[in-house]
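Asks: structure, please.
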Amino acid sequence: MQIKYLMDENLPPIYQIQLRRKEPDLVVWAIGDPNTPAKGTLDPDILIWCEKYDFVLVTNNRSSMPVHLIDHLARGHHIPGIFQINPSMSLGETIEELVLAALASLDDEYCDRISYLPLP
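Replies: Presented below is the predicted three-dimensional model:
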């Protein structure tokens with residue numbers, strides 16, 4: 001199954017726009033879009049939404065997201081994955097990494113963990 005992305009509300013909209021432009025068949029939603037969590041939704045609730053709807057979260061939240069993931073897993077929940085944006089990478093490099101991950105990853109390859117870009 002192909003990865004679906006939920007873009008964190010703190011990421012500039014250009015990430016969503018460029019992902020859709022580069023790979024039009026890729027599902028890329030952003031927090032605040034219709035049928036997604038509203039802007040301002042707490043991170044633990046976003047993780048539950050991602051689990052329920054099978055979306056990988058793309059975020060730049062390096063400080064609290066690891067703690068939220070640990071709590072989420074401790075409660076017996078799961079998540080398809082979290083991709084952490086690298087501020088040292090260009091927009092183009094980031095888009096290429098996300099497209100590659102979506103098209104070439106194995107099922108559950110990123111499940112229940114934070115993966116930092118660039119991917120190994």
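Asks: next, the residue lying closest to Pro80 once chain neighbours are set aside: phi, psi?
Replies: Excluding the flanking residues, the one nearest Pro80 by CB to CB, 6 or more residues apart in numbering is Val56, at 5.0 Å. (C-beta placed from N, C-alpha, C; glycine too.) Dihedral angles phi and psi of Val56 (degrees, to the nearest 10) take the values phi -90, psi 130.
Asks: which stretches of this structure have low pLDDT?
Replies: The chain contains residues with pLDDT under 70 at 1.
Asks: helix or strand right after the helix or strand where Asp71 lies?
Replies: Using DSSP states H and E, Asp71 maps to helix 65-74. Using DSSP H and E, the helix or strand that follows helix 65-74 in sequence is strand 82-84.
Asks: just checking, what packs against that next one?
Replies: strand 56-59, helix 65-74, strand 114-116 (3 or more CB pairs under 8 Å, 6 or more residues apart in numbering; DSSP states H and E).
Asks: right, so these: which one is the most enclosed?
Replies: With neighbours defined by mean count of other CB atoms under 10 Å, none of the helices and strands packed on strand 82-84 is more surrounded on average than strand 56-59, at a mean of 23.
Asks: tell me the gap between that strand and the middle of its chain.
Replies: The chain centre lies 1 Å from the centre of strand 56-59; the measure is CA atoms, centre = their mean, to the nearest Å.
Asks: quick check: neighbours of it in the sheet, parallel or antiparallel?
Replies: Strands adjacent to strand 56-59 in the sheet, as given by DSSP bridges, are strand 5-7 (parallel), strand 82-84 (parallel).
Asks: what does it rub up against?
Replies: Identification of contacts with strand 56-59 by CB atoms under 8 Å, 6 or more residues apart in numbering yields 3-8, 10-11, 15, 46-47, 50, 65, 79-85, 98, 110.
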